[in-house]
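>>> 3D, please:
(one chain, ligands or ions: 1)
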Amino acid sequence: MKDSILVINCGSSSLKFAVLSNSGKNTLVEGIADRLGSPESSVTFKHEGSKNEISLADGNHNNAVTEIKKWLDKHPEIESSIVGIGHRVVHGGETFTESVLIDQNVIDGIRECAQFAPLHNPAHIKGIEVAFNLFPGLPQVAVFDTAFHQTLAPEQYLYPIPMNLYREHHFRKYGFHGTSYRYISQHLATIVKDSDKQGVLVAHLGNGASVCAINQGRSSDTSMGVTPLEGLMMGTRSGSLDPSMVTFICQAENISSDDALNILNTKSGLLGVSEISNDCRTLEEAMASGDLRAKLALDMFAARAAKFLASVSTTLDSIDHLVFTGGIGENSNYLRQTICNHLKALNINIDLTLNNNAPRGEVSNISSQNTNTNVWIIPTNEELMIALDTISLIQH
Ligand code: AMP
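So this is what the prediction gives:
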């Protein structure tokens, strides 16, 4: 059947892709092109239970998409079923409040938003342009990580700085992980009737981590800011700290502000505190064998996640649901329990047996009996959301 969508997620040095069919329910092939820009780059294809890796002589986004096209040429039954291409785009600024069919104006708009996503948006444009060349005639759709948060009220999205900085330079909170939050909000509404008329907190905890308050189906506050650096402590990002720290780090280490920001983006968070790894699983193993630095890093992660959940909850009338998602949110019993321990004052309580025995990769409710807030684990599915947006836009 001709109903498949090629979903492309171009990062600065990687490109993830998948072909989804049957309204996004089936994955026909998926994979990742990794270490683009280095001599070791390769593309991995997962298809019908087998995995196949191909080295890229000169790994860049262009060659990666060319390799995907070559693979599809060898699988004409899949290639001929593709009716559109959906791209994840990190930053849509104030220009893009929802997903759009891509034309030259949209490409120009994504380029204009690149000031706040200098690594990601140019990579997305490369992916879009090469896809237009290799798949002429296929409509393409852009799905923005920021779009879901365009419903924030000015008192939530503005920073308390001179307003000319906002008017002239668009410095404001944008928020990210919007595609994941939209998926969770819509999926929860299929499980709990009327949850889209209630107050929902979502913790998207992965290597990048943020939280979102969703009031009646609309984002009312979120923790990331003009870039993904603000908010929670993450795998390698510090999250929020006193802004004076940037100057202090520059002076103390005799480095530029770009280098200081690089430390806060890539050498901080779980990695910086533990001095072991940015990976939650590795740190949980280290903690289990008695490593105190790993425990401190994980406990700081939990304390900060809880603090931001409490903070964004001020935009809700009631906290009817708390949802954990993302690699850490879906899999780490320890962090879910520690975060919820910090939220007792909000009457959020989980059942430890349900939390510890939650089935992997499935929706589960882990709330205790004596709570007004339903606590859920819901695996996120951003690719599905991108495929559904693409189908809906190309049908109009
Ligand atoms: P993501 O960025 O959403 O893919 O999430 C990646 C994070 O999820 C990494 O820190 C992983 O260590 C963490 N993660 C994945 N599986 C587990 C697990 N079983 N237990 C704890 N953390 C996990």
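
>>> phi, psi of the residue nearest to residue 149 when sequence neighbours are not counted?
Take residue 149 and drop its neighbours on the chain: the residue closest to it by CB to CB, 6 or more residues apart in numbering is residue 175, 3.4 Å away. Using the backbone N, CA and C atoms, a C-beta is placed for each residue, glycine as well. Main-chain dihedrals, residue 175, degrees, to the nearest 10: phi 80, psi 150.

>>> Could you double-check that residue 175 lies in contact with residue 151?
No. Assessed by CB atoms under 8 Å, residue 175 is found out of contact with residue 151, at 10.1 Å.

>>> Name the residues contacting each of these two.
Residues touching both residue 175 and residue 151 (CB atoms under 8 Å, 6 or more residues apart in numbering) are residue 219.

>>> These two: which is more packed in?
residue 175 (28 against 16; other CB atoms under 10 Å).

>>> OK, contacts around the more buried one?
Going by CB under 8 Å, 6+ apart, residue 175 touches 146, 148-149, 152, 210, 212, 219, 222-225.

>>> Looking at those, which is nearest the ligand?
residue 210 (11.4 Å; CB to the nearest ligand atom).

>>> Which residues of this structure lie near the ligand?
Contact residues (CB under 6 Å from any ligand atom) of the chain with the ligand: 206-207, 235, 279-281, 284, 326-328, 331-332.

>>> could I get these as JSON lines with pLDDT?
Output for the residues of the chain next to the ligand, formatted as JSON lines (pLDDT from 0 to 100):
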{"residue": "206", "pLDDT": "95"}
{"residue": "207", "pLDDT": "92"}
{"residue": "235", "pLDDT": "96"}
{"residue": "279", "pLDDT": "95"}
{"residue": "280", "pLDDT": "97"}
{"residue": "281", "pLDDT": "96"}
{"residue": "284", "pLDDT": "98"}
{"residue": "326", "pLDDT": "96"}
{"residue": "327", "pLDDT": "95"}
{"residue": "328", "pLDDT": "97"}
{"residue": "331", "pLDDT": "97"}
{"residue": "332", "pLDDT": "98"}
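
>>> what about the strands in this protein?
Per DSSP state E, the chain carries strands over the ranges 4-10, 15-21, 26-34, 42-47, 50-55, 82-89, 100-101, 140-144, 199-205, 209-215, 218-222, 321-325, 364-365, 374-377.

>>> Of these, give the one that comes closest to residue 274.
strand 209-215 (15.3 Å; CB to CB).

>>> May I have stretch 30-37 as CSV, with CA atoms only?
In CSV, the C-alpha atoms belonging to stretch 30-37 read as follows (Å, rounded to 0.1, in the frame of the first residue of the first chain):
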residue,chain,number,x,y,z
GLU,A,30,15.2,2.2,10.4
GLY,A,31,18.7,3.2,11.1
ILE,A,32,21.3,5.8,11.8
ALA,A,33,24.2,7.4,10.0
ASP,A,34,26.8,8.2,12.7
ARG,A,35,30.0,10.2,13.2
LEU,A,36,29.3,12.3,10.1
GLY,A,37,32.2,14.5,9.4
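
>>> By proximity to the ligand, which residue of the stretch 251-396 of the chain wins?
Per CB to the nearest ligand atom, residue 327 is where the stretch 251-396 of the chain lies closest to the ligand, at 2.1 Å.

>>> Contacts only, for residue 246.
Residue 246 neighbours (CB under 8 Å, 6+ apart): 257, 260-261, 264.
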